[in-house]
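> Kindly generate the corresponding structure for this input.
(chains A and B)
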Amino acid sequence: MAVLKVLIVDDEVGIRSGLTRILKNFSVDFPFVEEAFTFETIEVGTGEEALSYLDSTPIDIVLLDNKLPGIHGIEVLEYINNKNIDTNVMMITSYASLDLAIKATNNGAYNFVPKPFTPQELKTAMEGITKHLYLSRMTKTLNEESKQVRFQFLSVLSHELKSPINAIEGYLRIMQDKQVGTDLNDYEQMIERSLERIRGMRSLIMDMLDLTKLENGKKKREITKVDVVQIAQISIDTMTPLAAQKNVKIFLDSDQPNIYMNADNNEMEIIFNNLISNAVKYNKTNGTVEIKIATDDNKISIAVSDTGIGMSEDDIAKLFQEFSRIKNEKTKGISGSGLGLSILKKTVEDFYHGTVTVKSTPDVGSTFTVEIPKNY
Amino acid sequence: MTTTEKKVVLIVDDDIDSLTQLTLHMKNMGFEVVTGETQKEGEDLINKMKPDLAIFDLMMDNKDSGFILSYKIKKKYPDVPVIIATAVTAETGLMFGLNSDEDKQWIKADLYLEKGIRYDQLQVQVKKLLKL
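Now for the predicted structure:
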């Protein structure tokens, strides 16, 4: 149970104790919040006392009379605003006038309750201010969290983008200084590596754009009846040159010659390209990739198995994180943006309400299985 | 180099191009170069040999691999100068430079170099560190 601190500022003792009495046995709960809110009151008789409390103690809600012996309620409100004190103010006054109400709300008072009020009127007002307080605090926390996540994402991204620039710059400076002599042929390897890093950076940028489009829902989708088996075949054709470099053979096995579903053609290609290119890249020389497509009344399942390096349990846990690339002896020299599986997972889960699962044994191979419900 | 025997530098960096370039620079300066590409390889090398100088990349298997290697080598050989070479500062806006005494206490490195290091800068810094 959360206890909210309420500062009651009124010069009339009767009003103060009345408010305390009403709030003592009152609690506020919302269907969307697990815990109920109760109130603890502090009573003061002047604006000056209120200010010294506000300076020293965190106060959630201030119930503020305007007509006070010393400084007025409205001045207390101004003080709260000027010092940016994180509290919510409700004005309570017997001199209810439109003027004051406008002035008070302009100065950040949440609400205005005219005296005399019934216990129920006060309770209703308290419910409103509590809800407002809870929601504004939640929003603030969420904003801070998402800023934090964004900052982490950007710092990793900039590392991934700066590394190739540093590498290329380094090679160019070596060439500029002619550090290995004047024969251009001796720089062949450096030129090749620079071009490779540029290719890597380009694919990272393309992946980034894909991911951003997925995340902000800006991606244009065109749902048509597609043949999953045919898309798999096209993807295999695309990956064949890559596979040939390592003499990896790709096999396709399907329940039926054609398996139809309503989907976006591009998205299905992204799913297959990601699965197959990973199965090729992380395979061993002379290895195989097996693609099994199966269907029943409810779902389509796509399983891609390789005979590659496999992964440990720890590696699998980190697998779908953005920019997470498994770095070890066996993955040395395999390039990638670290975004492919994030894109795959987002596409499968967000657009098709499907699942991606992984089974893997180090040095034996991995199987990635995508399951998509037919009526997603 | 005044001694007849070549001084040995240990370089650990998971970026193959950065490693190639640092290796070339250090060889051009007359060093013998031993390299590793992961934190683990770095740790193994530290256990096997005492280099005259060590250069570590910061973000490898772990985000703080360079710091870990630095710490380990300093524990074993407090007199071996360590350079951490990375691109992290400019990216995150965080300062990892060894400016304050407090930084020096927890970052067990003698010098922090931002990547995109130029050969001439590296030469000056290495000579300073090894008092050549």
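> Please identify which helix or strand holds the residue of the stretch 151-300 of chain A found nearest chain B.
Of all residues in the stretch 151-300 of chain A, A:A167 sits closest to chain B, at 3.6 Å by Cβ to the nearest Cβ. (Glycine included, C-beta is placed from N, CA and C.) Element membership for A:A167 (DSSP states H and E) is helix A:119-176.
> Tell me which residues are up against whichever helix or strand A:I92 is part of.
Taking DSSP H and E as the definition, one finds A:I92 inside strand A:88-93. Strand A:88-93 is contacted from outside by A:10, A:15, A:60-67, A:73, A:77, A:80, A:100-101, A:104, A:108-115, A:117, A:125-126, A:129, A:132-133, using Cβ atoms under 8 Å, 6 or more residues apart in numbering or on different chains.
> Direction included, what does it pair against?
Sheet partners assigned to strand A:88-93 using DSSP bridges are listed as strand A:61-65 (parallel), strand A:111-114 (parallel).
> Distance of A:I165 relative to A:R173?
12 Å (Cβ to Cβ, to the nearest Å).
> With mean pLDDT as extra columns, can I get the strands paired with strand A:88-93 in TSV?
Below are the strands paired with strand A:88-93 laid out as TSV (pLDDT from 0 to 100):
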stretch	mean pLDDT
strand A:61-65	92
strand A:111-114	78
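> Looking at the ones you listed, which is nearest to A:G338?
Nearest of the strands paired with strand A:88-93 to A:G338, taken as Cβ to Cβ: strand A:61-65 at 47.6 Å.
> Where do the domain boundaries of chain A fall?
As assigned by automatic domain parsing, chain A contains the domains A:2-117, A:148-220, A:222-376.
> So for the last one, first residue to last residue, what's the gap.
Looking back up the chat, that one is domain A:222-376. Domain A:222-376 has an end-to-end distance of 15 Å (criterion: Cα to Cα, to the nearest Å).
> Looking at strand pairing, list the partners for the nearest residue to B:E41 once chain neighbours are set aside.
In this structure, B:E41 finds its nearest non-sequential neighbour in B:V12, 6.7 Å apart by Cβ to Cβ, 6 or more residues apart in numbering or on different chains. Beta-bridge pairing of B:V12 under DSSP bridges involves B:G36, B:F56.
> ok, how many other residues are close to A:Y260?
Here the number of neighbours of A:Y260 (other Cβ atoms under 10 Å in any protein chain shown) works out to 15.
> what's it in contact with, if anything?
Going by Cβ under 8 Å, 6+ apart, A:Y260 touches A:225-228.
> one step back: now the angle from the strand holding A:I92 to helix A:119-176?
Angle of strand A:88-93 versus helix A:119-176, following axes from the mean of the first three to the mean of the last three Cα atoms, to 10 degrees, is 150 degrees.
> next structured bit after strand A:88-93?
As assigned by DSSP H and E, the chain's next helix or strand after strand A:88-93 is helix A:98-106.
> Show me what that next one is packed against.
Helices and strands touching helix A:98-106, as assessed by 3 or more Cβ pairs under 8 Å, 6 or more residues apart in numbering or on different chains; DSSP states H and E, comprise helix A:73-82, strand A:88-93, strand A:111-114.
> how about these in CSV, adding distance to A:G47 and mean neighbour count?
Below are these laid out as CSV (distance: least, Cβ to Cβ, whole Å; neighbours: other Cβ atoms under 10 Å in any protein chain shown):
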stretch, distance to A:G47, mean neighbour count
helix A:73-82, 5, 19
strand A:88-93, 12, 24
strand A:111-114, 17, 17
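> For these, which has the smallest mean pLDDT value?
Mean pLDDT values for the helices and strands packed on helix A:98-106 show the minimum at strand A:111-114, a mean of 78.
> Can you tell me what sits against that one?
With Cβ under 8 Å, 6+ apart as the contact definition, strand A:111-114 has outside contacts at A:90-94, A:96, A:101, A:104-105, A:121-122, A:125, A:128-129.
> Which positions in chain B make contact with chain A?
B:14-18, B:20-21, B:24-25, B:28, B:37-38, B:40, B:59-61, B:87-88, B:90-92, B:115-119 (Cβ under 8 Å from any Cβ of the partner chain).
> out of those residues, which are buried?
B:14-18, B:20-21, B:24-25, B:37-38, B:40, B:59-61, B:87-88, B:91-92, B:115-117, B:119 (16 or more other Cβ atoms under 10 Å in any protein chain shown).
> helix or strand for the closest residue to the residue of the stretch 151-300 of chain A closest to chain B other than its chain neighbours, which one?
Leaving out its chain neighbours, the residue that sits closest to A:A167 by Cβ to Cβ, 6+ apart is B:D17, at 3.6 Å. B:D17 belongs to helix B:16-28 when assigned by DSSP H and E.
> Which strands or helices does that helix pack on?
Helix B:16-28 makes packing contacts with helix A:119-176, helix A:188-215, strand B:8-12, strand B:32-36, strand B:53-57, helix B:119-129 when contacts are defined by 3+ Cβ pairs under 8 Å, 6+ apart.
> repeat that for 10 Å
helix A:119-176, helix A:188-215, strand B:8-12, strand B:32-36, strand B:53-57, strand B:82-86, helix B:119-129 (3 or more Cβ pairs under 10 Å, 6 or more residues apart in numbering or on different chains; DSSP states H and E).
> Distance check, the closest residue to A:D297 other than its chain neighbours against A:V156.
In space, and not counting its chain neighbours, A:D297 is closest to A:K374: 7.4 Å by Cβ to Cβ, 6+ apart. According to Cβ to Cβ, A:K374 and A:V156 sit 37 Å apart.
> In terms of neighbours, single out the busier of these two.
A count of neighbours by other Cβ under 10 Å puts A:V156 above the other of A:K374 and A:V156, at 19 against 14.
> Please list the residues of the stretch 101-250 of chain A that sit near chain B.
Counting by Cβ under 10 Å from any Cβ of the partner chain, the residues of the stretch 101-250 of chain A close to chain B are A:151-152, A:154-171, A:173-174, A:176-177, A:179-180, A:189-190, A:193-194, A:196-197.
> A:K115 contacts A:I15, doesn't it?
Yes - A:K115 lies in contact with A:I15 (Cβ atoms under 10 Å); the separation is 7.4 Å.
> what about A:F117, is that helix, strand or coil?
Following DSSP: H, G, I helix; E, B strand; the rest coil, A:F117 is assigned to coil.
> Count the neighbours of it for me.
Neighbour tally, A:F117, other Cβ under 10 Å: 18.
> just the one 4 residues further on next, same as before
A total of 12 residues lie near A:E121 under the criterion other Cβ under 10 Å.
> and the closest residue to it other than its chain neighbours, what are its bridge partners?
Excluding the flanking residues, the one nearest A:E121 by Cβ to Cβ, 6+ apart is A:V113, at 6.6 Å. Beta bridges link A:V113 to A:I92, judged by DSSP bridges.
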